[in-house]
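In: Give me the fold of what follows.
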Amino acid sequence: MSDWSEGAPPADLSHAGAVVDKAIEFMAGQNIGALAIASALLGGALEMLGRTLEDGAIVKVLENAIASVQAGELRREDNQPN
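Out: Okay, the predicted model is just below:
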């Protein structure tokens, strides 16, 4: 398991992201709804974090994610609701 303790993401992060992108593309092609896909990925991510991090570290990850949502960082112009 890669360690981010030095602040730099692991070298295989890009590869993992590409695999996730392909999985999302596949599930969307299977007519699985966006909310179901996102929920399954989030559940899997939380399970993975639970195997590798202490609870306090998981809370920090989730707090960072909440801050990103609140700051509007997940919204792109072309993704804005009508």
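
In: Please, which helix or strand holds residue 35?
Out: Per DSSP states H and E: residue 35 is located in helix 34-52.

In: so where's the protein shaky on pLDDT?
Out: 1-6, 77-82 (pLDDT under 70).

In: hang on, the earlier thing: what is the subsequent helix or strand relative to the helix holding residue 35?
Out: Next along from helix 34-52, by DSSP H and E: helix 55-70.

In: helices or strands up against that next one?
Out: helix 34-52 (3 or more CB pairs under 8 Å, 6 or more residues apart in numbering; DSSP states H and E). All C-beta atoms are positioned from the backbone trio N, CA, C, and that covers glycine.

In: Tell me which residues of the helix it packs on come out buried.
Out: Buried residues in helix 34-52, defined by neighbour count with 16 or more other CB atoms under 10 Å: residue 37.

In: List the contacts of it.
Out: 1, 20, 23-24, 27-28, 57-58, 61 (CB atoms under 8 Å, 6 or more residues apart in numbering).

In: what about residue 7, which SS state?
Out: With DSSP: H, G, I helix; E, B strand; the rest coil as the basis, residue 7 sits in coil.

In: which residues touch it?
Out: Neighbours of residue 7 in contact, by CB under 8 Å, 6+ apart: none.

In: roughly how far apart are it and residue 50?
Out: 22 Å (CB to CB, to the nearest Å).

In: quick revisit: of all the contacts of helix 34-52, which comes closest to residue 13?
Out: Nearest to residue 13 among these is residue 20, at 10.5 Å by CB to CB.

In: Please tell me how far the closest one sits from residue 54.
Out: 24 Å.

In: quick one: which of the two has more around it?
Out: Shown here are residue 20 and residue 54; by other CB atoms under 10 Å, residue 20 has more neighbours (13 against 10).
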